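A.B. asks: Model the structure of this input:
(chains A and B)
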There are 2 protein chains.
Amino acid sequence: MFGPKTLALDAMGGDHGPEVTVPGAALALAQHPELHFILAGSEPEIARVLAGYPDLAARSQIVHTDLAIGMEDKPSQALRRGKGSSMWLALDAVKTGRAHAAISAGNTGALMAMSRLILRPMPGIERPALAAQWPTINRPSIVLDVGSNIGASAQQLIIFALMGAAMARAHFDVERPTVGLLNVGSEEIKGNEEVKEAHARLKQGDLDLPFEYRGFVEGDQIGQGVVDVVVVEGFAGNIALKTAEGTARQIATYLKAAMMQSWQTKLGAWLARDGFRVLKDKIDPRRVNGGPFLGLNGIAIKSHGGTDAFGFASAINLGYEMAANDFNARLAADIGAIAPKLEAVRVDPAVEPVGSDIQAAGSQQSAGIQQSGERKTR
Amino acid sequence: MFGPKTLALDAMGGDHGPEVTVPGAALALAQHPELHFILAGSEPEIARVLAGYPDLAARSQIVHTDLAIGMEDKPSQALRRGKGSSMWLALDAVKTGRAHAAISAGNTGALMAMSRLILRPMPGIERPALAAQWPTINRPSIVLDVGSNIGASAQQLIIFALMGAAMARAHFDVERPTVGLLNVGSEEIKGNEEVKEAHARLKQGDLDLPFEYRGFVEGDQIGQGVVDVVVVEGFAGNIALKTAEGTARQIATYLKAAMMQSWQTKLGAWLARDGFRVLKDKIDPRRVNGGPFLGLNGIAIKSHGGTDAFGFASAINLGYEMAANDFNARLAADIGAIAPKLEAVRVDPAVEPVGSDIQAAGSQQSAGIQQSGERKTR
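C.D. replies: Here you go, the predicted model:
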């Protein structure tokens, strides 16, 4: 493991700008003292906050610009008017080899468009994907794509699997991550054509995959941590991610109200406060903050816009780990080894049941409400 | 409101068969004393349980069959071998006008295939959809499709909206339900083509819709109850539903562990037990059990297979309400009024921005991680 020395931060990105990004960098530096930083943004604003962190100041270089991308700017505006902005300069530092990764809490759409334009997709990758860390009852899983693309072909899903596995290797230090395809059911007849085709291809065993393919997973299994990497096209992936976030918030709302309903519940909640603190830690989105935009010639990490210094430090640490584990070189090697086979070999029709008699009988592939049990036809 | 007198139950469906379906019917009868039941299944097994419920027995007719669909049977097997099964007989009672709705806790795929075959889609409906009740911080919302179809055209999404709105009217007694389209972002440039086209069409205002269209909603807004009906194609809808279920279970696991960690948290949790009971009620899936298969010539309700009598009674009550509110006749009228306009009128291109310069700039429509804030380009 080589030490990545320098990370480039979009110091103005996010809801709070340098008030969060600079203290976040200080936290990350405390964990990785060998780090250097390039801080892109308004020099006076950054310097004012940086004055409170002399250790960080000693290892940081400010690259001044008055331009910053707005959180509400459309990606097209960002590309038209954003050249030389703090986001641009951070990405440019990666492109020109002055930094090993760029981290921004800015506008997601703008960051994806700009990082794609500046860093360009890696050879063999048509569609870079946004990955998210998903808290589970085990270690977090990686879910991708969570909204960079709408739809994905079978080939693209397999490339997503390679990218997610490479990230799991870098981030969790597992040599052979487990991978699942998100689907609406575990039976092979279910799901859309792309997912079924990717499944058949991954099961064939001729691809010499750098991960262990575990088959289909369903929405309720993500949080169980059944696999290290969950692969899905971006529309359903984004909806799944936000639905999970919304459900967690919803239950937190219920829980607060439930504990406030009488003096006795209030007293109980006060006594149990250490437990609630543990719960809060468990579902703390700051711990898993940081979603890399995978498949580019360089590492670009998206942080939540509303996070605090602790959360931003998580995103910085992710960038550090990916750089330190030589993420991009290893992914390029994986893609180089697998992509030609994806082109060359057709799916064995015996693996994929095409035109099963369900459709002939007039039904659609169905999943609906999950159920269990062993009741058999008598 | 006319009184539907008779509901047909697949008494053998689900993990527990008559042990759950018969007591469930007894609970529903207590709430709606005018009900009658047709109980389809094994006469001796049903009669044994029914003996404990004399009021129910007096208002029930057992239709005997030795055949039951297994929970693991494939839909194709169910159609081939399931004629005359308890599920079949319950649906047949609706088809022949002897019952106003059929309720089954059996195999989802089999129920969808069989109800489609027996009841047939309504005129103007190409793809029936499975709807779910989704608990929110307000009253539950209706989400459809949750897995009956993979993918949906713009027209089909609009038909789903009509079906969901009709169900909301029957189930929540709102004359003009609010409807949203599930999407990956609230900007009009985001989302897949079908969703964007449906959005443009719904916004045009010429359809004379029997609901209020509220635009796009994102995954984290479903649980906030921002609209009565959330429309989505079945792949993403099923994944969203299961992801929410999984997240709720995941947090419940954390919460239990957190409250067991010391004598003090245990004591606190015991004192706060009334609060935890309220929480448990709030997230109790039994309260919202029952997903209708919408768009058929007759009402068919899917219950969770693993539910208990309380949960099964919820599904029965849903069938009762839909029948009592003349769901199918009103939906047929809505479809009859809207469907011809969907065919006739093309979408005004001015409403839908086609080929925005984002794509020209090489980016995909992007959503990714949600963010807020007002930071503007400077």
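A.B. asks: Which helix or strand contains the closest residue to residue A:19 other than its chain neighbours?
C.D. replies: In space, and not counting its chain neighbours, residue A:19 is closest to residue A:49: 6.2 Å by C-beta to C-beta, 6 or more residues apart in numbering or on different chains. In this view, the C-beta of every residue, glycine as well, is placed from N, C-alpha and C. Assessed by DSSP states H and E, residue A:49 sits inside helix A:43-50.
A.B. asks: Which is the succeeding secondary structure element to that helix?
C.D. replies: helix A:54-58.
A.B. asks: What distance separates the opening and closing residues of stretch A:272-288?
C.D. replies: Terminal residues of stretch A:272-288 lie 25 Å apart, using C-alpha to C-alpha, to the nearest Å.
A.B. asks: And stretch A:118-131, what's buried?
C.D. replies: A:118, A:119, A:120, A:122, A:124, A:125, A:127, A:128, A:129, A:130, A:131 (16 or more other C-beta atoms under 10 Å in any protein chain shown).
A.B. asks: Helix, strand or coil: sort out residue A:147 for me.
C.D. replies: For residue A:147, the assignment made with DSSP: H, G, I helix; E, B strand; the rest coil gives coil.
A.B. asks: coming back round to it: quick check: mean pLDDT of the helix holding residue A:49?
C.D. replies: Within the predicted structure, the mean pLDDT of helix A:43-50 is 96.
A.B. asks: Kindly export stretch A:292-300 (C-alpha atoms) in PDB.
C.D. replies: Coordinates of each C-alpha in stretch A:292-300 appear next as PDB, following Å, rounded to 0.1, in the frame of the first residue of the first chain:
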ATOM      1  CA  PRO A 292     -17.700   7.600  -5.300                       C
ATOM      2  CA  PHE A 293     -18.400   8.200  -8.900                       C
ATOM      3  CA  LEU A 294     -16.900   5.000 -10.300                       C
ATOM      4  CA  GLY A 295     -15.400   4.300 -13.700                       C
ATOM      5  CA  LEU A 296     -13.500   7.500 -14.400                       C
ATOM      6  CA  ASN A 297      -9.800   8.100 -14.800                       C
ATOM      7  CA  GLY A 298      -9.400   9.400 -11.300                       C
ATOM      8  CA  ILE A 299     -11.300   9.200  -8.000                       C
ATOM      9  CA  ALA A 300     -14.200  11.600  -7.400                       C
END
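A.B. asks: which parts of that stretch are buried?
C.D. replies: Applying 16+ other C-beta under 10 Å to stretch A:292-300 flags A:292, A:293, A:294, A:295, A:296, A:297, A:298, A:299, A:300 as buried.
A.B. asks: Save the residues you listed as JSON lines, and put in distance to residue A:329 and secondary structure too.
C.D. replies: Output for the buried residues of stretch A:292-300, formatted as JSON lines (distance: C-beta to C-beta, whole Å; DSSP: H, G, I helix; E, B strand; the rest coil):
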{"residue": "A:292", "distance to residue A:329": "15", "secondary structure": "strand"}
{"residue": "A:293", "distance to residue A:329": "17", "secondary structure": "strand"}
{"residue": "A:294", "distance to residue A:329": "14", "secondary structure": "strand"}
{"residue": "A:295", "distance to residue A:329": "14", "secondary structure": "coil"}
{"residue": "A:296", "distance to residue A:329": "13", "secondary structure": "strand"}
{"residue": "A:297", "distance to residue A:329": "11", "secondary structure": "coil"}
{"residue": "A:298", "distance to residue A:329": "12", "secondary structure": "coil"}
{"residue": "A:299", "distance to residue A:329": "11", "secondary structure": "strand"}
{"residue": "A:300", "distance to residue A:329": "16", "secondary structure": "strand"}
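A.B. asks: Which two among those residues are spaced furthest apart?
C.D. replies: A:292 and A:297 (13.3 Å; C-beta to C-beta).
A.B. asks: Contact partners for residue A:338?
C.D. replies: Contact analysis of residue A:338 by C-beta atoms under 8 Å, 6 or more residues apart in numbering or on different chains lists A:158, A:162, A:207, A:208, A:209.
A.B. asks: And residue A:156, by the same measure?
C.D. replies: Going by C-beta under 8 Å, 6+ apart, the list of residues near residue A:156 reads A:126, A:127, A:149, A:233.
A.B. asks: Just the C-alphas of the helix or strand where it lies, formatted as PDB.
C.D. replies: Using DSSP H and E, residue A:156 sits in helix A:154-172. The C-alpha coordinates for helix A:154-172 follow below in PDB (Å, rounded to 0.1, in the frame of the first residue of the first chain):
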ATOM      1  CA  ALA A 154     -26.700  -6.700 -18.900                       C
ATOM      2  CA  GLN A 155     -23.200  -5.900 -19.900                       C
ATOM      3  CA  GLN A 156     -23.300  -2.600 -18.000                       C
ATOM      4  CA  LEU A 157     -24.700  -4.400 -14.900                       C
ATOM      5  CA  ILE A 158     -21.700  -6.700 -15.000                       C
ATOM      6  CA  ILE A 159     -19.300  -3.700 -15.300                       C
ATOM      7  CA  PHE A 160     -21.100  -2.200 -12.300                       C
ATOM      8  CA  ALA A 161     -20.400  -5.400 -10.400                       C
ATOM      9  CA  LEU A 162     -16.700  -5.200 -11.300                       C
ATOM     10  CA  MET A 163     -16.700  -1.500 -10.100                       C
ATOM     11  CA  GLY A 164     -18.500  -2.200  -6.900                       C
ATOM     12  CA  ALA A 165     -16.300  -5.200  -6.100                       C
ATOM     13  CA  ALA A 166     -13.200  -3.100  -6.700                       C
ATOM     14  CA  MET A 167     -14.500  -0.500  -4.300                       C
ATOM     15  CA  ALA A 168     -15.300  -3.200  -1.700                       C
ATOM     16  CA  ARG A 169     -11.800  -4.500  -2.000                       C
ATOM     17  CA  ALA A 170     -10.400  -1.000  -1.400                       C
ATOM     18  CA  HIS A 171     -12.800   0.000   1.300                       C
ATOM     19  CA  PHE A 172     -13.300  -3.100   3.300                       C
END
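A.B. asks: got the domain boundaries for chain A?
C.D. replies: Structural domains annotated on chain A: A:1-123+A:298-329, A:126-294, as defined by automatic domain parsing.
A.B. asks: Which of those sits closest to residue B:228?
C.D. replies: domain A:126-294 (16.8 Å).
A.B. asks: How far off centre is the helix holding residue A:49?
C.D. replies: Helix A:43-50 sits 30 Å away from the centroid of its parent chain (C-alpha atoms, centre = their mean, to the nearest Å).
A.B. asks: list the helices and strands that helix packs on?
C.D. replies: helix A:18-31, strand A:60-64 (3 or more C-beta pairs under 8 Å, 6 or more residues apart in numbering or on different chains; DSSP states H and E).
A.B. asks: Near chain B, which residues of the stretch 1-150 of chain A are found?
C.D. replies: Neighbours of chain B within the stretch 1-150 of chain A, by C-beta under 8 Å from any C-beta of the partner chain: A:12, A:14-15, A:17, A:66-77, A:79-82, A:85, A:105, A:107-109, A:112-113, A:116-117, A:127, A:130, A:132, A:136-137, A:146-150.
A.B. asks: buried subset of these?
C.D. replies: The buried subset of those - by 16+ other C-beta under 10 Å - is A:12, A:14-15, A:17, A:67-77, A:79, A:82, A:85, A:105, A:107-109, A:112-113, A:116-117, A:127, A:130, A:132, A:136, A:146-150.
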